[in-house]
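Asker: just need the structure, nothing else, for what follows:
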Amino acid sequence: MFQGEIFIPGKKPFLNLTLSEKLNWGSWLSMLIYGSIFFADEKWNSGQIKNYIYHYTSINEIFAGIFVVAFISSFFLRLKEFENLNGELKGKLIIDRNGITINDNLYEASKILNFKINMIDYYGQKTNYSKSGPYYFLGVKNNLSFDFETEKVAINFQINSETHLYELKWILLNIICEEKIPFQRSYLKFFDDEFRDTPTFKKFTEKLLLDKRLVLSDIE
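Answerer: Model prediction:
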């Protein structure tokens, strides 16, 4: 059985920056503005701003110190930082051999059609941001959808660890290979090589080939 929390997305802010990103981009923007002041002063042949700042050298030192501290802090902060949630975790999702339960509603497996699921990330998985931005995902980009009688159901949900992801794939493997959900060829795409090498998957696909419900190219 897989049990997770439903994720309800909220409206993303215009600038969806984490604290480390604010420090990183803010420090570079400040440096750009600071440099632009000198450039404008030179272009207008004024020299007053430059002379003022050079006279009070502590201004340069303070500004440089703030820039360095903000920039270095952003780097270390991101190493323990998660992406912004931009929504709320509310409600329960249960997937087992009986079907899919969303909050208090049970959708019987035998009546589920056109089942689709995207398992994109899990809580604590490292992001692909190489130099800036949050270091970890929250595991809320996952989604599933299906048709149930006259109803179309679609939700986002959280996977809270790599082990949790494995549990989800394993229960899906059993549900599909036992044909608790009416079989469709597209369901085989849910499984990577690790699960395709299991006796359960191999036995099921052999049966489908014998019944001529699949051709070899469908599982290659």
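Asker: my guess is Leu106 contacts Gly99, does it?
Answerer: Yes - between Leu106 and Gly99 there is a contact under Cβ atoms under 8 Å: 5.7 Å. In short, each C-beta sits where N, CA and C put it, glycine included.
Asker: who's more crowded, these two?
Answerer: Gly99 (20 against 13; other Cβ atoms under 10 Å).
Asker: so what's the more buried one closest to, chain neighbours aside?
Answerer: Nearest residue to Gly99, sequence neighbours excluded (Cβ to Cβ, 6 or more residues apart in numbering): Ala109, at 4.1 Å.
Asker: return the residues in contact with that neighbour.
Answerer: Neighbouring residues of Ala109 by Cβ atoms under 8 Å, 6 or more residues apart in numbering: Arg97, Asn98, Gly99, Ile100, Ile175, Lys180, Ile181.
Asker: which of those residues count as buried?
Answerer: Neighbour counting with 16 or more other Cβ atoms under 10 Å marks Gly99, Ile100, Ile175, Lys180, Ile181 as buried within the contacts of Ala109.
Asker: in the one helix or strand Phe195 maps to, what's buried?
Answerer: Using DSSP states H and E, Phe195 falls within helix 193-196. Neighbour-count burial for helix 193-196, counted by 16+ other Cβ under 10 Å, picks out Phe195.
Asker: again with stretch 116-124
Answerer: Judged by neighbour count using 16+ other Cβ under 10 Å, the buried positions of stretch 116-124 are Ile117, Met119, Asp121, Tyr122, Tyr123, Gly124.
Asker: before we move on, back to that, who touches the helix holding Phe195?
Answerer: Identification of contacts with helix 193-196 by Cβ under 8 Å, 6+ apart yields Lys169, Trp170, Leu173, Phe201, Lys202, Ile219.
Asker: the residue positioned nearest the centre of the chain: what's it in contact with?
Answerer: Residue closest to the average C-alpha location in the chain (Cα atoms, centre = their mean): Lys141, at 4.3 Å. Lys141 is in contact with Asn118, Ile120, Asp121, Asn156, counting by Cβ under 8 Å, 6+ apart.
Asker: what's the pLDDT at the second one?
Answerer: According to the predicted model, the pLDDT of Ile120 comes to 95.
Asker: just the last one next, same as before
Answerer: Note for Asn156: predicted pLDDT of 98.
Asker: verify the stated contact: it with Ile6.
Answerer: Yes - contact criterion Cβ under 8 Å: Asn156 and Ile6 qualify, at 7.0 Å.
Asker: now do the shared contacts for those two.
Answerer: Shared contacts of Asn156 and Ile6, defined by Cβ under 8 Å, 6+ apart, are absent.
Asker: what average pLDDT does the helix or strand containing Ser74 get?
Answerer: Assigned by DSSP H and E, Ser74 belongs to helix 57-78. In this model, helix 57-78 has a mean pLDDT of 75.
Asker: I'd like the next helix or strand past that helix.
Answerer: Next along the chain from helix 57-78, counting by DSSP H and E, comes strand 87-96.
Asker: listing partners with orientation, what would you give for that next one?
Answerer: In the sheet, strand 87-96 lines up against strand 2-9 (antiparallel), strand 99-102 (antiparallel) (DSSP bridges).
Asker: so can I have CSV of the ones you listed showing mean pLDDT and distance to His164?
Answerer: Below are those laid out as CSV (pLDDT from 0 to 100; distance: least, Cβ to Cβ, whole Å):
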stretch, mean pLDDT, distance to His164
strand 2-9, 96, 7
strand 99-102, 97, 16
